[in-house]
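S.K.: The following comprises the amino acid sequence and a computationally predicted model.
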Amino acid sequence: AQSVTQLDSHVSVSEGTPVLLRCNYSSSYSPSLFWYVQHPNKGLQLLLKYTSAATLVKGINGFEAEFKKSETSFHLTKPSAHMSDAAEYFCAVSENTGGFKTIFGAGTRLFVKA
Amino acid sequence: NAGVTQTPKFQVLKTGQSMTLQCAQDMNHEYMSWYRQDPGMGLRLIHYSVGAGITDQGEVPNGYNVSRSTTEDFPLRLLSAAPSQTSVYFCASSEELIWRGTGELFFGEGSRLTVL
């Protein structure tokens, strides 16, 4: 069975500094991995996804993530934080075996200080 | 350009009452699912469906029923509401199946349910 651990419940950065949100996963099969963002009182929106192609994945709004199989990690990064990045971020895993369950981590709330 | 539509957006119930959360999508997606979101626990999968007439349980199915009579609709039923079911509920759909798993999920804006 698959599972996801987001290592930080809260991350606080200053505007213009780098962002790192950490995600480790567990999967018995070749996984697809995702990062979603949720702004207050909204549904989730896909930032980026990894589906066994390039290990460095670029997403929207300058975010990117690197799939590291040896470390079972899929950390989300952005070189320079913007105030509009303040939101909650969710890492998720789905197994590429015809499994139909996307499992989410507990979320990381990102605060951006002016 | 509606995507995934959930109704109602807000609902207050008394313990023991029943209700149905509605979910409709206009993207012709085969896969639909329901999640609940609770603070500090992320999203947990309640039930999902891979096509009309086919449903299955997720991580936390107890207390909830679903059915899928059409591709477009996937209602979630609470037969006897309990305070533990106070949560924000999200419906999501996806077009990708089989060897690639569920693929990208498209979410509705959520239904906030309070059970007193």
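M.R.: Yep, that arrived. Numbers count the residues shown, from 1 in each chain, chains lettered A, B, ... in the order given.

S.K.: From residue B:62, how far off is the residue positioned nearest the centre of chain B?
M.R.: Compute the mean C-alpha point of chain B, and by CA atoms, centre = their mean the closest residue is residue B:34, 2.4 Å away. Computed as CB to CB, to the nearest Å, the residue B:34 to residue B:62 distance reads 13 Å. Placement of C-beta: from N, CA and C, glycine included.

S.K.: What of residue B:79?
M.R.: Going from residue B:79 to residue B:62 by CB to CB gives 11 Å.

S.K.: picking up where we left off before, let me know the helix or strand that the nearest residue to the residue nearest to the centre of chain B once chain neighbours are set aside is in.
M.R.: Distances taken as CB to CB, 6 or more residues apart in numbering or on different chains put residue B:46 closest to residue B:34, at 4.4 Å, once the chain neighbours are dropped. Element membership of residue B:46, judged by DSSP states H and E, is strand B:42-51.

S.K.: Residue B:79 and residue B:62: which is more packed in?
M.R.: Using other CB atoms under 10 Å in any protein chain shown as the criterion, residue B:79 and residue B:62 rank with residue B:79 on top: 12 against 9.

S.K.: Name all residues that make contact with residue B:115.
M.R.: B:12-15, B:81-86 (CB atoms under 8 Å, 6 or more residues apart in numbering or on different chains).

S.K.: hmm, back to that, any idea what the residue nearest to the centre of chain B is structurally, helix, strand or coil?
M.R.: On the three-state scheme (DSSP: H, G, I helix; E, B strand; the rest coil), residue B:34 is labelled strand.

S.K.: In the sheet, which residues pair with it? Tell me.
M.R.: residue B:47, residue B:91 (DSSP bridges).

S.K.: next one: residue A:103
M.R.: residue A:93.

S.K.: Would you agree it is in contact with residue A:90?
M.R.: No - at 10.4 Å, residue A:103 does not count as touching residue A:90 under the criterion of CB atoms under 8 Å.

S.K.: And the strands in chain A, which stretches?
M.R.: Applying DSSP state E to chain A gives strands spanning A:3-6, A:10-14, A:19-21, A:23-26, A:31-38, A:44-50, A:56-58, A:64-68, A:73-78, A:87-95, A:102-104, A:108-113.

S.K.: Strands of chain B, start to end?
M.R.: Using DSSP E, strands in chain B cover B:4-7, B:10-13, B:19-25, B:31-38, B:42-51, B:54-57, B:64-66, B:76-78, B:87-94, B:106-107, B:111-115.

S.K.: so does the shortest one get close to chain A?
M.R.: Yes - with CB under 8 Å from any CB of the partner chain as the criterion, chain A is reached by strand B:106-107 at residue B:107.
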